[in-house]
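Chemist: Quick one, fold the following:
(2 chains)
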Number of protein chains: 2
Amino acid sequence: MADATAPVELLVCTTCRAGQPTDVEGPRPGTQLFEALGTSELPDNVTLRGVECFSNCNQGCSITLRGGADRWTYIYGNFTGAEDVALVAEGVTKYAATADGLVPWRERSTHFRKNCIARIPPLETT
Amino acid sequence: MADATAPVELLVCTTCRAGQPTDVEGPRPGTQLFEALGTSELPDNVTLRGVECFSNCNQGCSITLRGGADRWTYIYGNFTGAEDVALVAEGVTKYAATADGLVPWRERSTHFRKNCIARIPPLETT
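Modeler: Next comes the predicted model:
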């Protein structure tokens, strides 16, 4: 049975340089986005997790939304870093309120509409 | 415990036009790739499944490899159609023989090295 309260994982690629040259020192944009999300308000059913490299390096800071037996998994890219924290928090909040992961098009932010890297269906329950 | 015989799903985007204009009639390249894979030799632990739209339309015919509690999920793109059946079958065969989904770089075909769209870690088992 589809469940809109099923747990959601918000995965953030922490190794992302968001196009910075490899000799730039200091925290990476992906890590900064991850840390900013850690201090932001997220729904109770969302768990934040840092991941090393999504292999999506050409399309900037990336996140994955997944979780629950009936939800599609979504990968979004081209975030810039910590300044996108509210944008990501809004997107995951809408996703976490669905049972199937499908946020209606008109409710998605422009960034989420334009920067979906890929989506993957839920596992088949036969 | 990591298990190299755990079931694998090979998902193929069947709606993909691989860059063809939208008014081209006849079967789509994604469907043709899916159908060609259906008649090819795949390992016993691989299940082929067609999916409508991965939202990865800018990067050609796409596949997703996933399955097993310990495997990373991989999305590969920029396949052309049915002519890539052997290339895809080789890639999924190598993936399905791993316990963690991580095929060593030197064993990956050039296409798989260059056209990884994204990868997602296995669910955390805490």
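Chemist: Does at least one residue of whichever helix in chain A runs longest sit close to chain B?
Modeler: Counting by DSSP state H, the longest helix found in chain A is helix A:85-96. No - for helix A:85-96, no contact with chain B is found by C-beta under 8 Å from any C-beta of the partner chain; the gap never falls below 13.9 Å. C-beta: built from backbone N, CA, C; applies to glycine.
Chemist: so where do the strands sit in chain A?
Modeler: A:8-13, A:46-51, A:61-66, A:73-79, A:116-120 (DSSP state E).
Chemist: Buried deepest among those, which one?
Modeler: strand A:61-66 (a mean of 26; mean count of other C-beta atoms under 10 Å in any protein chain shown).
Chemist: For that one, C-alpha coordinates in CSV please.
Modeler: Extracted in CSV, the C-alpha atoms of strand A:61-66 (Å, rounded to 0.1, in the frame of the first residue of the first chain):
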residue,chain,number,x,y,z
CYS,A,61,26.3,19.4,-7.1
SER,A,62,23.9,16.6,-7.1
ILE,A,63,21.3,15.1,-4.9
THR,A,64,19.3,11.8,-4.9
LEU,A,65,15.8,11.5,-3.4
ARG,A,66,14.6,8.0,-2.7
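Chemist: What pairs with it, parallel or antiparallel?
Modeler: Strand A:61-66 has the following strand partners under DSSP bridges: strand A:8-13 (antiparallel), strand A:73-79 (antiparallel).
Chemist: I'd like the mean pLDDT over the shortest one, please.
Modeler: Averaging pLDDT along strand A:8-13 yields 93.
Chemist: Could you list the residues in contact with that strand?
Modeler: Residues outside strand A:8-13 that contact it (C-beta atoms under 8 Å, 6 or more residues apart in numbering or on different chains) are A:30, A:33-34, A:37, A:42-43, A:45-54, A:56, A:61-68, A:71, A:88, A:92, A:95-96, B:120-121, B:123.
Chemist: how about a markdown table for the strands of chain A, with distance to B:His111 added?
Modeler: Listed next are the strands of chain A as a markdown table, based on distance: least, C-beta to C-beta, whole Å:
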| stretch | distance to B:His111 |
| --- | --- |
| strand A:8-13 | 23 |
| strand A:46-51 | 24 |
| strand A:61-66 | 22 |
| strand A:73-79 | 20 |
| strand A:116-120 | 17 |
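Chemist: who's in contact with the residue nearest in space to the middle of chain A?
Modeler: The centroid of chain A falls nearest to A:Ile63 when counting by C-alpha atoms, centre = their mean (3.1 Å). Counting by C-beta under 8 Å, 6+ apart, A:Ile63 touches A:10-13, A:75-76, A:79, A:88, A:91-92.
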